[in-house]
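Novice: Provide a 3D model corresponding to the input given below.
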Amino acid sequence: MNPRTAAFAARANRRLVVKVGSSLLVEPDGSIRAEWLATLVQDIAARRAAGQQIILVSSGAIALGSRRLGLAKGGRASLEDAQAAAAVGQILLASLYAELLGQHGLTAAQMLVTLGDLEDRRRYLNAAATIERLLALNTIPILNENDSVATEEIRFGDNDRLAARVAQAAQANALILLSDIDGLYTANPHADANATRIETVTDIAEVAHMASRDSASGMGSGGMVAKLEAARIAHAAGVPLAIVAGKPLHPLAAFARTGHGTVFLAPDALTARKAWLAGRLLVAGRLHIDGGAANALAAKRSLLAAGITACEGDFRRGDAVEILAPDGATLARGLVSYDSADLARIAGKRSDAIAAILGYAPRAAVVHRDQLVML
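Specialist: Model (predicted):
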């Protein structure tokens, strides 16, 4: 094991989230890659026997269901087809994992979640508590997006970001994305022979331009953009993430042995609430601010009404909003202290003028520093 992989393994020694992409689990014709899956489960069983807790985030339900139903385009010709395929395929997927894990004396536990389950703070905490209890009962929790009820507007759309949110909720020590590509490259390796794989990433902003939305298999839904977004979510939670080639047999053992892949290092985690805020994918509105307010946020101060130049969206007090710098870049995210109608009236106004405008005493800040996270 090389030093980089050893350091990753040391971080992951207690609790690891593993994400499995559709193209690894299912052949293009919709049949199961049975031998490969058996070796993955063997890897999981070996890690579990060594004392490591494993959480799986597995795609594949739509691909499996579409084959059983005979649907065109892998079940993705329409939202209705995808929902129907997921309903059928999820039973097949869960049964498959339960049987294979059972051969090693392990119990599979299925959890289907929606975007709303992890965006709403109370439901997020409930999901986290369920995962914690399942692990305490020595099961292998297996999560997937509930595609049978998700809509195009309100869904993760890829399991990379879902896996990062699960790692955050589960307070995991590391996250491995098993993929049809063996890491992040300086360019698209399928189109550029000079593209080279990046072994370690410390600053996600420096590599964001290298991502592509294309899935090598055509079966997935995320591409490298989704993987970088997953890395950003994991980064805020203090969880190191690795993008690893999943096609070989025994993919977890192969990564432990060779270290082949891209590892995204992570700093110490934000507070639990701020990490949840940083990982959110939905916001109710956007606040545009001036340079002075941007400097104040950088200095870890709260956002006041005087620094707001414009508001977007229909939001209520306590909703999550994005805060945009003068150049339009996303600077921060936080929980707003005013409804959008009132905030539109006081944007740009000094604190001593707000009471007269609203008819009630103003709150300390539009977004308090304790309810705000820089991105």
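
Novice: now the element after the helix-or-strand element of the chain with minimal mean pLDDT, going C-ward?
Specialist: Counting by mean pLDDT, DSSP states H and E, the weakest-scoring helix or strand in the chain turns out to be helix 3-11, with a mean of 70. Later in the chain than helix 3-11, the nearest helix or strand by DSSP states H and E is strand 15-20.

Novice: just checking, what packs against the helix or strand following that next one?
Specialist: Reading on from strand 15-20 to the C-terminus, the next helix or strand found by DSSP H and E is helix 22-25. Judged by 3 or more C-beta pairs under 8 Å, 6 or more residues apart in numbering; DSSP states H and E, helix 22-25 is in contact with helix 34-49, helix 61-69. The way it works is simple: take the backbone N, C-alpha and C, and place the C-beta from them, glycine included.

Novice: could you identify which of these is most buried?
Specialist: Mean neighbours per residue, mean count of other C-beta atoms under 10 Å, is largest over those for helix 61-69, with a mean of 24.

Novice: from the chain's centroid, how far away is that helix?
Specialist: Relative to its chain's centre, helix 61-69 lies at 24 Å (C-alpha atoms, centre = their mean, to the nearest Å).

Novice: what mean pLDDT does it get?
Specialist: For helix 61-69, mean pLDDT rounds to 91.

Novice: using CSV, list the CA coordinates for that helix.
Specialist: Presented in CSV, the C-alpha positions along helix 61-69 are these (Å, rounded to 0.1, in the frame of the first residue of the first chain):
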residue,chain,number,x,y,z
ALA,A,61,-32.4,0.0,-10.0
ILE,A,62,-33.5,1.8,-13.2
ALA,A,63,-31.2,-0.2,-15.4
LEU,A,64,-32.3,-3.5,-13.9
GLY,A,65,-36.0,-2.6,-14.0
SER,A,66,-35.9,-1.4,-17.6
ARG,A,67,-34.6,-4.7,-18.8
ARG,A,68,-37.3,-6.6,-16.9
LEU,A,69,-40.0,-4.3,-18.3
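
Novice: contacting residues around that helix?
Specialist: For helix 61-69, the surrounding residues in contact (C-beta atoms under 8 Å, 6 or more residues apart in numbering) are 22, 25-26, 29-32, 71, 74-76, 81-82, 84-90, 92-93, 144, 147, 219.

Novice: show me what the helix or strand just after it is packed against.
Specialist: Using DSSP H and E, the helix or strand that follows helix 61-69 in sequence is helix 79-102. Judged by 3+ C-beta pairs under 8 Å, 6+ apart, helix 79-102 is in contact with helix 34-49, strand 53-58, helix 61-69, strand 107-113, strand 139-145.

Novice: redo that, cut-off 7 Å
Specialist: Contact partners of helix 79-102 among helices and strands, from 3 or more C-beta pairs under 7 Å, 6 or more residues apart in numbering; DSSP states H and E: helix 34-49, helix 61-69, strand 107-113, strand 139-145.

Novice: make TSV from these and add distance to D160 to it.
Specialist: Below are the helices and strands packed on helix 79-102 laid out as TSV (distance: least, C-beta to C-beta, whole Å):
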stretch	distance to D160
helix 34-49	17
helix 61-69	16
strand 107-113	15
strand 139-145	11
